[in-house]
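Asker: sharing a model prediction with you, sequence too.
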Amino acid sequence: MEKETLKEKTAKGLFWGALNNGTMQLLNIVIGIFLARLLTPTDYGLVGMLAVFTAIAGALQESGFTTALANMERPTDNDYNSVFWFSAIMGWISYIVLFFSAPLIAAFFHHSELISLSRFVFVSLLFSSLGTAPSAYLFKNMMVKETALLRITCLIVSGVVGIILALKGYAYWSLAWQQVLYISLTSLWRFFIIPWRPSFHIDFTPVK
């Protein structure tokens, strides 16, 4: 019975994983088509210039902890808590550094708009850092259905908001809002679908 349950769980995971990937790709194409008709290459370029900074900062705050927790046989609440606080602290450090680096980034790319734009886009780092431990919990417990529904719903919401802002003439800000909204919604929503909650007992021993 235990093997059948595991087999059934795996089959459902594969189904929802495939549905998630297919639906996300389709939605990204549809949203992308709408936005491409409303925005200019410059709008995309301005937001795209910041992608390398968010990617590097995101990798630093995640630091492979999602994979590490998934590979542990039985991660404890303390393990998740340590990862949560480490990622949160790294998120704040990354944001503060990039916030004060915004004028340098704007000067490097010769676009003064990047000062305010980058400081807003980098807010996503604060939210994504909060989602590292919950994301690991979802993955470890094979909650693929919940993850799929979460990502699809958040993409629809953020995509619609981005399109509405683009229609109202907000240009590159519509892309920025779509990005920040998607990351913040997915990160915060994870807390509503898992039983684990972080505590204020901070012990970084498990992340060493």
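Answerer: Right, received. Where do you want to start? The structure displayed is predicted, hence computed values, not measured ones.
Asker: okay, helices next: where are they in the chain?
Answerer: For the chain, the helices identified by DSSP state H occupy 2-38, 41-48, 51-62, 65-71, 77-109, 114-121, 123-130, 132-140, 144-167, 172-193, in order along the chain.
Asker: in the third one, what counts as buried?
Answerer: Of the residues in helix 51-62, those buried under the neighbour-count criterion (16 or more other C-beta atoms under 10 Å) are 53-54, 57-58, 61-62. C-beta coordinates here come from the backbone N, C-alpha and C atoms, glycine included.
Asker: residue 86: which of those residues is nearest?
Answerer: Proximity of the buried residues of helix 51-62 to residue 86 (C-beta to C-beta) peaks at residue 61, which lies at 8.1 Å.
Asker: so what's that closest one closest to, chain neighbours aside?
Answerer: residue 90 (3.8 Å; C-beta to C-beta, 6 or more residues apart in numbering).
Asker: mind listing what the one you found touches?
Answerer: Contacts of residue 90 were listed using C-beta atoms under 8 Å, 6 or more residues apart in numbering, and they are 60-61, 63, 129.
Asker: next: residue 81.
Answerer: So residue 81 contacts 133, 198-199, 201-203 (C-beta under 8 Å, 6+ apart).
Asker: gap between the lowest-mean-pLDDT helix or strand in the chain and the chain center?
Answerer: Using mean pLDDT, DSSP states H and E, helix 65-71 stands out as the lowest-scoring helix or strand of the chain, at a mean of 77. The chain centroid and the centroid of helix 65-71 are separated by 17 Å, computed with C-alpha atoms, centre = their mean, to the nearest Å.
Asker: just the buried positions in it, please.
Answerer: 65-66, 69.
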